[in-house]
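Peer 1: Pasting a predicted model and its sequence here:
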Amino acid sequence: MASTTTNALLFLACLCLVALFPPTLAQTPLQQPQQPLRVRGQQLQHECDIQQLTAAEPTRRVRAEAGVIEVWESNTEEFRCTGVAAVRYVIEPKGLLLPSYTNAPYVTYVMQGKGIQGVILPGCPETFESPVRGGSEGSKGVERDQYQRVLRVHEGDVIGSLAGGVQWTYNDGDTPIVSITLLDLSNPQNQLDLNFRSFYLAGNPQGQGGQEQGPKEVVGKNIFNGFDDELLADAFNVDTETIRSIKGENDERGSIIRVERDLELLSPEWDDMEEERMRRLNGLEQVLCTISFKQNIDQPSRADVYTEHGGRINTLNSHKLPLLQHLQLSVERGVLYKNAMMTPHWNINAHSIIYITRGTGRIQVARENGLVFDGRVQEGQLLVVPQNFVVLKKAEQEGLEWVSFKTNDNAMISPLAGKLSAIRGMPEEVLMNSYGLSRDEVRRLKYGREQLSLFSPRLD
Amino acid sequence: MASTTTNALLFLACLCLVALFPPTLAQTPLQQPQQPLRVRGQQLQHECDIQQLTAAEPTRRVRAEAGVIEVWESNTEEFRCTGVAAVRYVIEPKGLLLPSYTNAPYVTYVMQGKGIQGVILPGCPETFESPVRGGSEGSKGVERDQYQRVLRVHEGDVIGSLAGGVQWTYNDGDTPIVSITLLDLSNPQNQLDLNFRSFYLAGNPQGQGGQEQGPKEVVGKNIFNGFDDELLADAFNVDTETIRSIKGENDERGSIIRVERDLELLSPEWDDMEEERMRRLNGLEQVLCTISFKQNIDQPSRADVYTEHGGRINTLNSHKLPLLQHLQLSVERGVLYKNAMMTPHWNINAHSIIYITRGTGRIQVARENGLVFDGRVQEGQLLVVPQNFVVLKKAEQEGLEWVSFKTNDNAMISPLAGKLSAIRGMPEEVLMNSYGLSRDEVRRLKYGREQLSLFSPRLD
Amino acid sequence: MASTTTNALLFLACLCLVALFPPTLAQTPLQQPQQPLRVRGQQLQHECDIQQLTAAEPTRRVRAEAGVIEVWESNTEEFRCTGVAAVRYVIEPKGLLLPSYTNAPYVTYVMQGKGIQGVILPGCPETFESPVRGGSEGSKGVERDQYQRVLRVHEGDVIGSLAGGVQWTYNDGDTPIVSITLLDLSNPQNQLDLNFRSFYLAGNPQGQGGQEQGPKEVVGKNIFNGFDDELLADAFNVDTETIRSIKGENDERGSIIRVERDLELLSPEWDDMEEERMRRLNGLEQVLCTISFKQNIDQPSRADVYTEHGGRINTLNSHKLPLLQHLQLSVERGVLYKNAMMTPHWNINAHSIIYITRGTGRIQVARENGLVFDGRVQEGQLLVVPQNFVVLKKAEQEGLEWVSFKTNDNAMISPLAGKLSAIRGMPEEVLMNSYGLSRDEVRRLKYGREQLSLFSPRLD
């Protein structure tokens, strides 16, 4: 029944596209969130008995010609239990992260720099054009190169990516692009296993460093590598020499290469607003091939929570970026000022993977039978907080900033202190009896903090 | 597309709430059923080769000051394979089951007694008020205590609960509240593992009994326990003495405590009808924070199936209680009269966990290659019947009553005998050939029972 | 919110049925796709490290009186990792595949022959009638036998089946029915484990062959077998002699039996068009009990992709057959002409299980670090290609035909060559730098093939 209505709407809205492209190819994963799987009972043998969490910097590092890829090894209990993986990329100016796709959806937060990112979805039209500089050899006059949508990405942007969709990134700025990516391997979009797999369409990810064995997540050959030269030449209708080039067997540059001269893809004016305008013209905000892939979450003016002397929080969920409904992920950007604190809380419907972007602070995390983390955290560290565990963050002298990735497109917290706390939701008499406190003490407990979730330092 | 429409509706309906509470905090898990996960193929190594089911009473028992918590150990094949856990609570008069949340959604059936239950969802307003008796010390005149919704619960009620939502229960009646709870650990709402975890916000679940080690499911410390006193004092803006009280380290009362004087939370007139009326006034049956959490399923006048001399069945699915759509659970209340029988059937889309509430009977259960249960069952026993297994129940002299929890919000059975049976759906000639029976024999087989699913005793 | 709208529609549309049948029984699994489960992190211990795929014929064979059941053993890495099972049935003329249900949804492709298939859903009415030949003994005049819907199935048909729904098949043609069935064990509809289980309602699947142990997937007893004779006699209100017949303990015919005289179920005119007409009359295409279960995908005139000298592809997804939304499966029928080729591509959102129905060809498959299959395939072989792996197919002299089952109701491929290729979606400058090619070489790479996904042989 439900599906009838849904399909009817879907059908109407898709007619135009289907007319252009046949059904096998024209559909993108965006049409409707996948129906997922209910396999029960497979886990008591695999208990997630997390005794200790760690705040760690990446454990493996692969150097490429024009950048670095750093990976958190996923064999720790907390990564294994939450089904996620994390990677930090550094792309130097003129660096090109080669086109690839992965087996899991992911979100990337850009901590520094700016660049251009290409997103290729099968069946979507080549809507972008660049004039070819000076025309190509042997062709008459100026020609235009057509390709699928590219995005401008900046510091503070969150970019969502679908499993199986090809992406490439180019740094056309003056400083390195530094970004952190969280992959959700245990997502309906991934039907195979919880290993993070990158499928490169070019280059030779093993290249740089010769014998050096990088993390298995980011090395390997490119996907053309093993195929028969003749078959590929037949498939592309080119000669086998070209095929040997795309196989990149002897390429020593790794998966981030340096381009010789600037890529002239788009004029710099082609920014977010332009993209927004194009979408409005189309009137097709969420339609296939024009869905929005990114949004900035580092603008103080758009904070969702703000407390004077406390800090601010910007969140990005699927109400703000509908793509996230398909990824089942959301992102929180947090800034705590000097000595301020975030309310102790638990994540009701998500794991939370916290990456510290600046500053230092103290974090405590407890499960149902006691603390599993109590430590000082600093820039560059990542901490996995499983669903339901209670977490408390306090900034030190220079403040504390982070980005948290959450495994639910509308992740929710349940605060223990503050205006929306669970404590405040209970009757005084229940609290008095539960805690053996007087009515006045209970009132102070319920109303001691009037802010939502960020608390300014106490005046003492 | 589907999501566009959905989001639009969602967006409009949420505007008012969002205006009051910022997005991080105002969303409850009720907005839309979670998109779940499709991880494939992880199970052949973990075969559920169930050779024998058991009808067992709880295997572990934890005594608290004012009640008892009994647990079915979840390490048997049938619990492990179906991903559920079961707990029986006895709360004595004036007993308060301390506030806690769990890692799994659950449904509770109240077998006896009456009481008050508090349900706290983050971001929901404190809509209930009690006059504070005599005013508090040092405050002027009568003050009012505000807190989130509380429910009146009675014998026969089913109460649904979301993972991560805080609940507490108080017995304001004269008899113990006896209830049975079924937790669905392998539910989209739980992202971690299949262990049942209770997170207490107060007390010391390990308290009563000193060294005695209760089942790990229900012991542990309260979640404040390991945190730094100073940090918590800072978070709540109270002194560290109060913090030591809420940590309950030396509390010996366990997780059900006896309150000193009656909690005066609500006048007794505040019953189901009142609650119903409030919801109608709001016109917001299913909206955040006002969704209905309970319904009575023990009223003969509301039976879904009734056969004279046979018995009756009341079901509660998500059409009747929309909350169940989020829990993916439903409940069946069954009563078989003396020597009556329920049609042999299989559960098409759910596991069924049968708890015998009264009487005795004989049950047989078969999987694809033979019987896995054949025995007499009696009050207090619980039997797990996996999806697709065939089950047959017959009451003995004093009749047989049960409540079945099913792991689907619209669980369906496929009867083998009776008016809606699979046998009746097949052509006579197919049955004649399949069974080597004459046409007349087949007709008796198809039409021997005209009732739906409850059969009165044969007259012989 | 979403669910409110949905439920409202659902509610209205179901009223009539609910009036006829009580809620426990009247609901079929078709009302809404099940909400699935999100259990995370259970898999790193179970890595799907597929080093080598195989194209194999069935490994086990069970002979019955009037047919053969062949099974691909599901203990290989690729079956285990993708959570599927495959069975090939041969039903001889006058053969009846006995009524049974399974623990997983499945799709069947009929390669040869024609017959009649019964589909029984609990709570659906007996809408079909046959006049009983000559009337039954002792009854007056002509009587009519009533039963649930039966389908005519032909070569080229795809029939979808719900987990837990009873089906039987009868061959009323002159040639054997040969079909291939793909079961999706790791589907939300299956809550137990990844073992394929058949529950027979009649006969004795172990029958034929005495001591011979067939594959556990298809042997076993029938589900009545272990039950107490008296209890069953009571349930059906028949004598125990009839019960012994339905238990089939001494039946030696196995699960496909030969009927003595033709079953006269439907006149041959009762074909697809008739069925279509009935549905139109009802105006209830997708409503409970009248949903369409099959569609033909072997008609060249309805090809979704066609290339002269290349071949054709017919796809069946949930837009064409809404039932597939509930099964989360889709099917592709492919025909490559002599020496033609299908574009190298990966499956974005599904595993693909390819069964070769005719001809021979060469297939190469690569994962992220190299080839995992490189071989010649021929009629009768089955090859599992996991999600994201790159696959290339080329026909040999006599062409290559296949049917591919995909674990997504709207499976998508991402082509590497041709009109909708990922390569074509990238800017020339990105490709020039990635591959070290000149602009002209890149242009040939992008535009060398103008077809969508099927390429005619090169003229050389």
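Peer 2: Sure, I can see it. Numbering: from 1, shown residues only, chains lettered A, B, ... in the order given.
Peer 1: Next one: residue A:48, what pLDDT does it get?
Peer 2: At residue A:48, the pLDDT value in this model is 83.
Peer 1: which residues sit against the host helix or strand of residue A:169?
Peer 2: Using DSSP states H and E, residue A:169 maps to strand A:166-170. Contacts to strand A:166-170, defined as CB atoms under 8 Å, 6 or more residues apart in numbering or on different chains, come from residues A:89, A:91, A:95-101, A:115-120, A:153, A:161, A:177, A:201, A:259, A:263, A:265, C:414, C:422, C:425-426, C:430, C:434. Where you see a C-beta, it was placed from the backbone N, CA and C, and this is true even at glycine.
Peer 1: And the residue of the stretch 51-200 of chain A found nearest chain B, how far from residue C:200?
Peer 2: Here the residue of the stretch 51-200 of chain A nearest chain B is residue A:188; by CB to the nearest CB that distance is 3.9 Å. Using CB to CB, to the nearest Å, residue A:188 is found at 33 Å from residue C:200.
Peer 1: ditto for residue A:410
Peer 2: Taken as CB to CB, the span from residue A:410 to residue C:200 is 45 Å.
Peer 1: Equivalent analysis for residue A:261, please.
Peer 2: 71 Å.
Peer 1: For beta bridges, what are the partners of the nearest residue to residue A:332 once chain neighbours are set aside?
Peer 2: Distance criterion CB to CB, 6 or more residues apart in numbering or on different chains; nearest residue to residue A:332, sequence neighbours excluded, is residue A:404 at 4.3 Å. Counting by DSSP bridges, residue A:404 is bridged to residue A:332, residue A:354.
Peer 1: what sits against residue A:404?
Peer 2: A:331, A:332, A:334, A:352, A:353, A:354, A:355.
Peer 1: now those residues as TSV including distance to residue A:230 and pLDDT?
Peer 2: Shown next, in TSV, are the contacts of residue A:404 (distance: CB to CB, whole Å; pLDDT from 0 to 100):
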residue	distance to residue A:230	pLDDT
A:331	46	98
A:332	52	98
A:334	55	98
A:352	51	98
A:353	46	98
A:354	51	98
A:355	47	98
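Peer 1: which residues of the stretch 1-150 of chain A fall in strands?
Peer 2: A:60-64, A:67-71, A:84-91, A:95-102, A:106-112, A:114-120, A:128-131, A:144-147, A:150-154 (DSSP state E, counting those that start in this stretch).
Peer 1: Find the residue closest to residue A:125 in space, skipping its chain neighbours.
Peer 2: In space, residue A:125 is closest to residue A:289, 6.7 Å off (CB to CB, 6+ apart).
Peer 1: go on, residue A:106?
Peer 2: Nearest non-adjacent residue to residue A:106 (CB to CB, 6+ apart): residue A:183, at 4.2 Å.
Peer 1: Bridged to that neighbour, which residues?
Peer 2: Beta-bridge partners for residue A:183, by DSSP bridges, are residue A:85, residue A:106.
Peer 1: hang on, isn't it packed against residue A:101?
Peer 2: No - shown here, residue A:183 and residue A:101 do not form a contact pair, counting by CB atoms under 8 Å, at 11.8 Å.
Peer 1: Of those two, which one has the most company?
Peer 2: residue A:183 (28 against 24; other CB atoms under 10 Å in any protein chain shown).
Peer 1: residues in contact with the more buried one?
Peer 2: A:84, A:85, A:86, A:87, A:102, A:104, A:105, A:106, A:196.
Peer 1: now those in CSV, with pLDDT and distance to residue B:127?
Peer 2: Listed next are the contacts of residue A:183 as CSV, based on pLDDT from 0 to 100; distance: CB to CB, whole Å:
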residue, pLDDT, distance to residue B:127
A:84, 93, 37
A:85, 94, 43
A:86, 96, 41
A:87, 96, 46
A:102, 95, 46
A:104, 94, 42
A:105, 96, 38
A:106, 97, 40
A:196, 89, 46
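Peer 1: between those residues, which is nearest residue A:230?
Peer 2: The nearest member of the contacts of residue A:183 to residue A:230, counting by CB to CB, is residue A:102 at 29.4 Å.
Peer 1: and the gap between that closest one and residue C:168?
Peer 2: 45 Å.
Peer 1: Between those two, tell me which one has more neighbours.
Peer 2: residue A:102 (26 against 23).
Peer 1: Look up the closest residue to the more buried one, ignoring the ones flanking it.
Peer 2: Spatial nearest neighbour of residue A:102, chain neighbours left out: residue A:198 (5.4 Å); criterion: CB to CB, 6+ apart.
Peer 1: these two touch, right, the one you found and residue A:100?
Peer 2: Yes - with contact defined as CB under 8 Å, residue A:198 reaches residue A:100; the gap is 5.2 Å.
Peer 1: Tell me the residues that contact both of those two, please.
Peer 2: Here residue A:198 and residue A:100 have residue A:255 as joint contacts, going by CB under 8 Å, 6+ apart.
Peer 1: what residues are up against the residue nearest in space to the middle of chain A?
Peer 2: By CA atoms, centre = their mean, chain A has its centre lying nearest to residue A:107, at 1.1 Å. Residues in contact with residue A:107 (CB under 8 Å, 6+ apart) are A:158, A:159, A:160, A:161, A:181, A:182, A:324, A:327, A:329, A:331, A:405.
Peer 1: Which secondary structure element of chain A has the lowest mean pLDDT?
Peer 2: Using mean pLDDT, DSSP states H and E, helix A:2-20 stands out as the lowest-scoring helix or strand of chain A, at a mean of 32.
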